[in-house]
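3D model of this:
(2 chains)
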Amino acid sequence: MITVTLHHFVLVSFGLVAAGVACMVTKRNAIGILMGVELVLNAAALNFVAFNRFHPWDPAGQAPLDGFMFAMFIIVLAAAEAAIALAIILNLYNNLASVDVDKAREMRG
Amino acid sequence: MPERQLILDLLITAFLAPLLSSVIVIFIGKRVMGKAAGWFATAVMAGAFGCSLYAAMLWMGIADHSPILLNIPWIPLPGTEAGWLYLGAMIDSLTIAMMTMVTGIAMLVHLYSVGYMAGDSRYERFFAFLSLFSFSMLGIVMANSVIMLFVFWELVGLTSYLLIGFWFEKRGPQLACKKAFVMNRIGDMGFLIGFGILFYKLGGVLLLPAAQGGMFDALRQVIEAEGHSITNPPLWLTAAGIGLFFGAIGKSAQFPLHTWLPDAMEGPTPVSSIVHSATMVAAGVYLTARLYPILTPGAHLFIATIGLITLVMAACMAMVMTDIKRVLAYSTLSQLGYMILGLGTGAYAFALFHLITHAFFKCCLFQCSGSVIHTAHHQQDMRYYGGLWRKMPITAACYLVCTLAIAGASLPWTNLGVSGFYSKDGIIAGAVHYGQAMILGGYSFGWIFYVGPMVVAYMTVFYMARSFTLTFLGKPRDKHLYDHAHEAPWTMVLPQVVLAVMAIITVPALLPYFDLIVATEPAQMVAGVLAPVPWLQQAVDVAGHSVGMTLTHTVLLMGLGWILMLGLGIALYLPGMKYSGKIAALPGINLLYTWAINKFYFDALYDTVVVNAFKALAIVVAAWDKYLVDGVVNLAGLLGKLLGWGVGWFDNNVVDAAVNGAATMAQNAGGTLRQTQSGRLRQYMLLLFTGATFAAVVAIYVLMM
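Purely as a prediction, here's the structure:
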């Protein structure tokens, strides 16, 4: 029987981050990049939840809730971020008739 | 005495009036007065002449003929006996005679110029110069001291330069005025040396007679204090006399500085007529006369010799020249030679007398020649004239009268003659006595002093008859010129007539003055200064004679030879130059002719020896200037330039480099960094995460440490 420890959470979280980053770096589709961003955000949320779960309780026997609260904020922020990102993607599509981020190079140096 | 004061006031008015008119004409002549400037200047000169004439009449009327003195302290001279240099006036018979003569002739020349210079673009300026010139000459005449005399002496030099070079657009006047100026400077060098000797010895140079404590009185005391006697004068006095006489050689154009005078013919003819009669050339004679008492026997001999050389040489040249003004110029030289000879041989009063008579007839001759040149379209060569008396009878008559005057015409077997007869006769008489006295004193070469002037008197008749015949008699040799000839306007004819009349009557008019000059000058001033050596004594005696007595010396000789030479001159040249050319080619004569026509090669000699030497010196000096002086300057300049280069290099390569380097670095950094702004989103992210990973690894590594 394998005991699930903090290391496992962190490793899963690391894998999510790596997958998210790989997704962001390799996808040309803006939607795909948005997905990668969601993966990275959720990896962060997972970390907060895990660290909160394994954080020592305070002397009064009260369980800590800080990490949970951060996870809730991240979910809300991710939703807002997705809305903004989709709006940007729509504008991108309006201008370029495409969602390929490599075509959006007007501001290159 | 009120008359004496009045005479002084009148003469000072006459002296300053031309200066005033010159200043007025030069400032407002062109804008305000226009053609009236000439009349204004003439009127002022007429006023000056009136003052002088009135003063002369007053002078005749008073008994006291001692000099009138006006001494105004000018420059303090501490440590000298006199204590001051004085400006002022010294007026005696000679001064008054000269003042009257100079203002009178200046007035007539001004009037003549109104006609002659009409139409000249610098008409007003001419009158300003002419008045200034007259003023300068009057200053010489009025001067009370050698230093004041020298100031006006130089002013005459300057104004003659301005007048001779009046038509400075042309090459001839440019060279002539420079030549006149430089020649005069050479003479003035001698003047300054003589002046310096006198001033050093005497400590004062006032021209006062012996009785009144002036220069001549001081001179006697100094001579006696030095152990010299009046029969054995010191060498420095001879040197001073000869030095001062060198000034006269320059101004009066004597050998060897005579070459400027014929060249000065390049000036307008009115200038020739005033320069060569009453003013500039007279200044030298006047100076010699004023300083007469300081002249030692040695100086006398020097002066007489110079005068003799000049008069013979100039007469030879006057006989061969074909330019009418040059003939008159050389005759001026010759007549000046007479005056200088007269001063040297002791015929003091006759020399001054000749100065005055000569001024009238020579001024008239130049004005007549000016009228001829004026009407002949500035053709001056007599070979193109001939028969002009039909076209301009008044000018011809005036020329004839003055020809007779300069030739010394007299009624045969009597002692009635024109003015030149009396004055020249006196000089010849003085020279004859001088020569005789020299022979008696053991100097056998004394004979030249009476043969020379006598022969030249005949030559004078000949060359004047020649110029008159060639110009006015015979057949016209240039049809075009003859057809256009006409009498000059009245402003030119009137002065000629007045002068011609004066040429006849000068002697009766001036005879009382002549006696005054004889009586006052040498006798009073010489008194006790120098006791002449025997042969000089006799010459001084001659000067003491009155006119009537000297006439007997030469009247017979003169009368005979005179008519002969006049006839010869007219007959030979009546058909033009046809026969004279053949005579000039005869074996004995042609050598002399060649020398005379080439002005005895003096110009060539001076050009070769002096002018070229100065040019060579100028080249050396120029080289010194160019290579050494300029070299130093250029070196300093070069050093400055090098320093500038250094500073400039530092600025460009160090200061600017720092600034530019910063800018370039910023630019390069920007250029490099902009490569990263590729606009590829995925690349940005790759970089971001690579960087973040790197930073995380470093952070972990550091934390683990």
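
For the most centrally placed residue in chain A, which non-adjacent residue is spatially closest?
The centroid of chain A falls nearest to A:Leu41 when counting by CA atoms, centre = their mean (1.4 Å). For A:Leu41, the nearest residue in space outside its immediate sequence neighbours is A:Ala78; the separation is 4.8 Å by CB to CB, 6 or more residues apart in numbering or on different chains. Backbone N, C-alpha and C define where each C-beta goes, glycine included.

Which helix or strand contains the one you found?
Assigned by DSSP states H and E, A:Ala78 belongs to helix A:66-96.

List the buried residues of that helix.
A:Gly67, A:Phe70, A:Ala71, A:Ile74, A:Ala78, A:Ala85, A:Ile89, A:Leu92 (16 or more other CB atoms under 10 Å in any protein chain shown).

My guess is B:Phe421 contacts B:Ile406. True?
No. Taking contacts as CB atoms under 8 Å, B:Phe421 lies outside contact range of B:Ile406: 10.0 Å.

Look up phi and psi at the residue nearest to the centre of chain A.
Dihedral pair for A:Leu41: phi -60, psi -40, per degrees, to the nearest 10.

Check which helices and strands the helix holding A:Ala78 sits against.
helix A:30-54 (3 or more CB pairs under 8 Å, 6 or more residues apart in numbering or on different chains; DSSP states H and E).

Minimum distance to chain A, which residue of the stretch 51-200 of chain B gives it?
B:Glu169 (79.3 Å; CB to the nearest CB).

element containing that residue, please.
Per DSSP H and E, there is no helix or strand for B:Glu169.

Distance of A:Ala71 relative to B:Gly640?
83 Å (CB to CB, to the nearest Å).

and if you look at B:Phe40?
Taking CB to CB, one finds B:Phe40 at 58 Å from B:Gly640.

which of the two has more neighbours?
B:Phe40 (20 against 10; other CB atoms under 10 Å in any protein chain shown).

Name the SS class of that one, please.
Of the three states, B:Phe40 takes helix under DSSP: H, G, I helix; E, B strand; the rest coil.

Now for it: which residues touch it?
Taking CB atoms under 8 Å, 6 or more residues apart in numbering or on different chains, we find B:Phe40 in contact with B:Ser21, B:Ile24, B:Val25, B:Met33, B:Phe127.

Can you list which of the residues you listed are found in strands?
Members of these lying in strands (criterion: DSSP state E): none.

PyMOL command for the buried members of those?
To isolate the buried members of the contacts of B:Phe40 in PyMOL, using 16+ other CB under 10 Å:
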select buried, chain B and resi 21+24+25+33+127
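
In terms of model confidence, name the weakest of the contacts of B:Phe40.
Ranked by pLDDT, these bottom out at B:Met33, which scores 77.

Distance-wise, check the one residue in the stretch 351-500 of chain B that gets nearest to chain A relative to B:Gly387.
Scanning the stretch 351-500 of chain B for proximity to chain A using CB to the nearest CB identifies B:His378 as nearest, at 92.5 Å. Separation of B:His378 from B:Gly387 (CB to CB) stands at 19 Å.

what's the answer for B:Leu333, then?
29 Å.

Compare neighbour counts for these two and give me the winner.
B:Leu333 (26 against 17).

can you tell me the helix or strand for that one?
Counting by DSSP H and E, B:Leu333 is found in helix B:324-345.

lowest-pLDDT helix or strand in chain B?
Using mean pLDDT, DSSP states H and E, helix B:534-544 stands out as the lowest-scoring helix or strand of chain B, at a mean of 40.

after the host helix or strand of B:Ile223, next one along is what?
Using DSSP H and E, B:Ile223 maps to helix B:215-225. Following helix B:215-225 in sequence order, the next helix or strand is helix B:235-251 (DSSP H and E).

taking the mean pLDDT, what do you get for that next one?
86.

Let me know the angle separating that helix from helix B:324-345.
160 degrees (axes from the mean of the first three to the mean of the last three CA atoms, to 10 degrees).

what about helix B:235-251, distance to the chain center?
In terms of CA atoms, centre = their mean, to the nearest Å, the centre of helix B:235-251 is found 17 Å from the chain centre.

Next, the buried residues of it.
Buried residues in helix B:235-251 (16+ other CB under 10 Å): B:236-251.
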